[in-house]
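Colleague: Here you go, sequence then predicted model.
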Amino acid sequence: MLQPKAVIEHSLFIDGAYVPARSGRMFEKISPVTGEVMARVHEAGREDVDHAVRAAKAALKGPWGKLTVAERAGLLQDLSREINARFDDFLEAEVADTGKPKSLARLVDIPRGGANFATFADMIKNLGSEFFETATPDGGKAINYGTYRPKGVIAVISPWNLPLLLMTWKVGPALACGNTVVVKPSEITPASATLLGEVMNAVGIPKGVYNVIHGFGPDSAGEFLTQHPLVDGITFTGETQTGEAIMKQAAVGLRDISFELGGKNAAIVFDDADLDKAVAGTMQSVFSNCGQVCLGTERVYVQRPVYDEFVARLKQSAEGLVLGGPDHPGVGIGPLISEEHREKVLSYYRLAAEEGATVVTGGGVPELGDDRDRGFFVQPTIWSGLPETSRIVREEIFGPCCHVQPFDTEDEVIALANDNDYGLACALWTQDISRAHRVAPQIEVGLVWVNSWFLRDLRTAFGGSKKSGIGREGGEHSLEFYTERANICVKL
Ligand code: NAD
């Protein structure tokens, strides 16, 4: 039997201290595994957001702003070490909020939380500068060199699917470049951002550098933060529609933005692919984190000679997935994040039936006959037979599901993959090296994987094209958003 756990409380973290919301408002966080209230969260009002942003602004001029790059990088390395030292605390916080399998969070979410600080510490320490010698009209010369300075107060607005990983992916480079941050984690996953405040204090990050406010988007903490005139830049990961709303707020005062948004990613399986690897990789890209990964596959195109075999093997593997909470024996897939999100995913399951899809497997809510029936589970689902114009094939669902479709030629599948409003990621499965290099650059996305998925080197550019994002982050690409560049020209 699942035992009810004590309800915990998450306060705000402002100016180096945990504080209650001055708004006096609280909201409830529901467990995706049990459907019960597991936490009460302080909701920041306008005054709380102002408190956090002013603390962040003041910190720019305090001890933080006087550190050398080496000292800042050292602190970031300490953050990485401290997250790893408190690995189990972060693991508990993350799986309690998300319901994801512990095995997944242990492998991906928590290590990446630490790595995001270590990577950007290395990046900033090893950063060079551009240099040009210029002939001058009087026959002499000048030298030009580039410098960087922090942008200022960065608003970090993050989603619920990989809470620690995606939040630190932004806080890491922001701090490496000398900025201060106000983080607004998703209202559905407040725990790990709150816990990170303890780590900041433990390693001696000056107060006001890292602040956390909780709340919702519209008419709540998210909107109050993006509207605050002292915020210098907004980095956001979440839905494309939310990005549009934030962009309007950012226009006031001409604040810079960096957006990582939705996706409707394709996987392409050619007939020469290693099918064992293609099936295993597609299982991961479709079902990992219960399909709640922006980079996840929701459209699978398979070349006709291997279509039947591939679909049969994918179906068999999907039907073998064990559904369960974080500690469930052999768990492969957890619940969806919330009842509301399950309703959204199920509305697509119903739509697939209305649109006339063939259900290869799944399509509903599982009846597990035990405590798991209290959680927000849906069946891993595969459809086929829909036209490319159907909403199932065009819209992001963000659940454990995909549509499979046969194709004949390379040109045809490139056109199919590109025929979408989103442009985030694509996975190609082929053993023909020339084909891989020929096809990959023609896919209109920010990230292409060949014979792999989610393999990340944090120094590389990350981001999406079309409606999947604006800007690139990762390694030195992050400088574009997190710094202001200046050119110094010296006449000799
Ligand atoms: P969401 O857009 O609903 O919420 C994201 C964050 O924005 C939350 O903190 C939310 O409170 C806040 N927010 C909502 N409205 C706001 C407003 N008007 N002003 C300011 N803040 C506001 O997204 P979600 O449901 O949490 O996350 C899922 C989405 O995120 C999916 O579309 C997924 O594809 C996308 N995502 C993209 C990436 C990427 O790297 N491209 C990574 C992960 C998730």
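Modeller: That came through, no problem.

Colleague: correct me, but Glu367 touches Asp373?
Modeller: Yes - if you go by Cβ atoms under 8 Å, Glu367 and Asp373 touch, sitting 6.8 Å apart. For glycine as for every other residue, the C-beta is placed from the backbone atoms N, C-alpha and C.

Colleague: neighbours around Gln227, how many?
Modeller: Look at Gln227: counted by other Cβ atoms under 10 Å, it has 15 neighbours.

Colleague: pretty sure Gly197 is touching Val212, no?
Modeller: Yes - using Cβ under 8 Å, Gly197 is in contact with Val212, at 6.1 Å.

Colleague: Nearest residue to the middle of this protein?
Modeller: By Cα atoms, centre = their mean, the chain has its centre lying nearest to Leu166, at 4.2 Å.

Colleague: In this structure that residue contacts Gly238, no?
Modeller: No - counting by Cβ under 8 Å, Leu166 stays clear of Gly238, with 9.3 Å between them.

Colleague: Is the residue of the chain found nearest the ligand in a helix, a strand, or coil?
Modeller: For the chain and the ligand, the shortest gap (Cβ to the nearest ligand atom) falls at Gly217, measuring 2.1 Å. Following DSSP: H, G, I helix; E, B strand; the rest coil, we place Gly217 in the coil state.

Colleague: Could you tell me how many residues sit around it?
Modeller: Using other Cβ under 10 Å, Gly217 has 19 neighbouring residues.

Colleague: That one: what's it in contact with?
Modeller: Glu223, Thr242, Ala245 (Cβ atoms under 8 Å, 6 or more residues apart in numbering).

Colleague: For the first one, give me its contacts.
Modeller: Taking Cβ under 8 Å, 6+ apart as the definition of contact, the neighbours of Glu223 are Gly217, Ala245, Gln249.

Colleague: Next, the contact list for the second one, please.
Modeller: Shown in contact with Ala245 (Cβ under 8 Å, 6+ apart): Gly217, Pro218, Glu223.

Colleague: remind me which residues of the chain are low pLDDT?
Modeller: 1-4 (pLDDT under 70).

Colleague: What residues does it have near the ligand?
Modeller: Residues of the chain lying near the ligand by Cβ under 6 Å from any ligand atom: 157-161, 166, 184, 186-187, 216-218, 222-223, 226, 237-239, 242, 245-246, 260-263, 294, 396, 398, 424, 464, 468-469.

Colleague: where's Val301 relative to Ile382, distance?
Modeller: Actually, residue 301 is Tyr. It isn't Val. Counting by Cβ to Cβ, to the nearest Å, the gap from Tyr301 to Ile382 is 14 Å.

Colleague: the more surrounded of those two?
Modeller: Ranked by neighbour count (other Cβ under 10 Å), Tyr301 and Ile382 place Ile382 first, with 25 against 21.

Colleague: just checking, the more buried one is part of a strand?
Modeller: Yes - counting by three-state DSSP, Ile382 is part of a strand.

Colleague: count of neighbours near the residue lying closest to Ala174 once chain neighbours are set aside?
Modeller: Computed as Cβ to Cβ, 6 or more residues apart in numbering, the closest residue to Ala174 that is not its neighbour in sequence is Ile154, at 4.6 Å. As a burial measure, Ile154 scores 28 neighbours (other Cβ under 10 Å).

Colleague: Thought Val199 was touching Arg86, still the case?
Modeller: Yes - look at Arg86 against Val199 with Cβ under 8 Å: they come within range, at 6.6 Å.

Colleague: out of the two, which sits in the busier spot?
Modeller: Legend: neighbour count by other Cβ under 10 Å for Arg86 and Val199, higher for Val199 (23 against 18).

Colleague: doesn't Asp89 make contact with the more buried one?
Modeller: No - assessed by Cβ under 8 Å, Val199 is found out of contact with Asp89, at 9.2 Å.

Colleague: Mind jotting down where the helices sit in the stretch 351-492 of the chain?
Modeller: Taking DSSP state H, counting those that start in this stretch as the criterion, the stretch 351-492 of the chain carries its helices at 391-394, 410-418, 433-439, 479-482.

Colleague: Would you mind saying which of those lies nearest Gly45?
Modeller: Of all those, helix 479-482 sits nearest to Gly45, with 28.1 Å by Cβ to Cβ.

Colleague: related to what we said a few turns ago, return the subset of the contacts of Gly217 lying in helices.
Modeller: Glu223, Thr242, Ala245 (DSSP state H).

Colleague: and the gap between the nearest residue to Glu395 once chain neighbours are set aside and Val300?
Modeller: Spatially, and ignoring its direct neighbours in sequence, Glu395 is nearest to Lys264 (6.8 Å; Cβ to Cβ, 6+ apart). Going from Lys264 to Val300 by Cβ to Cβ gives 12 Å.

Colleague: go on, Thr389?
Modeller: 17 Å.

Colleague: Please identify which of the two sits among more neighbours.
Modeller: Between Thr389 and Val300, counted using other Cβ under 10 Å, Val300 has the larger neighbour count: 26 against 9.

Colleague: Am I right that the more buried one sits in a helix?
Modeller: No - counting by three-state DSSP, Val300 is located in no helix; its state is strand.

Colleague: SS state for the closest residue to Ala58 other than its chain neighbours?
Modeller: Spatially, and ignoring its direct neighbours in sequence, Ala58 is nearest to Gly208 (5.6 Å; Cβ to Cβ, 6+ apart). State at Gly208, reduced to three classes by three-state DSSP: coil.

Colleague: contacting residues for the nearest residue to Trp64 once chain neighbours are set aside?
Modeller: In space, and not counting its chain neighbours, Trp64 is closest to Pro206: 4.5 Å by Cβ to Cβ, 6+ apart. Listed by Cβ under 8 Å, 6+ apart, the contact partners of Pro206 are Gly16, Ala59, Gly62, Pro63, Trp64.

Colleague: The third one contacts Gly208, doesn't it?
Modeller: What it means is Gly62. Yes - counting by Cβ under 8 Å, Gly62 does reach Gly208; the two are 6.7 Å apart.

Colleague: so how many other residues sit close to His10?
Modeller: In terms of burial, His10 registers 23 neighbours under the definition other Cβ under 10 Å.

Colleague: Check Arg485 too.
Modeller: Neighbours of Arg485 under the rule other Cβ under 10 Å: 12.

Colleague: beta partners of it?
Modeller: Tyr148 (DSSP bridges).

Colleague: if we can go back for a sec, run a quick check on the residue nearest to Ala58 versus Gly16, I expect a contact.
Modeller: Yes - judged on Cβ under 8 Å, Gly208 makes contact with Gly16 at a distance of 6.5 Å.

Colleague: Between those two, point out the one with more neighbours.
Modeller: Gly208 (25 against 17).

Colleague: In contact with the more buried one, which residues are there?
Modeller: Going by Cβ under 8 Å, 6+ apart, Gly208 touches Asp15, Gly16, Ala55, Ala56, Ala58, Ala59, Gly62, Trp64, Thr180.

Colleague: Can you report how many residues lie near the closest residue to the last one other than its chain neighbours?
Modeller: Distances taken as Cβ to Cβ, 6+ apart put Ala56 closest to Thr180, at 4.0 Å, once the chain neighbours are dropped. For Ala56, the count of nearby residues is 28 (other Cβ under 10 Å).

Colleague: Quick check: the gap between Lys61 and Ala55.
Modeller: Distance of Lys61 to Ala55, given as Cβ to Cβ: 12 Å.
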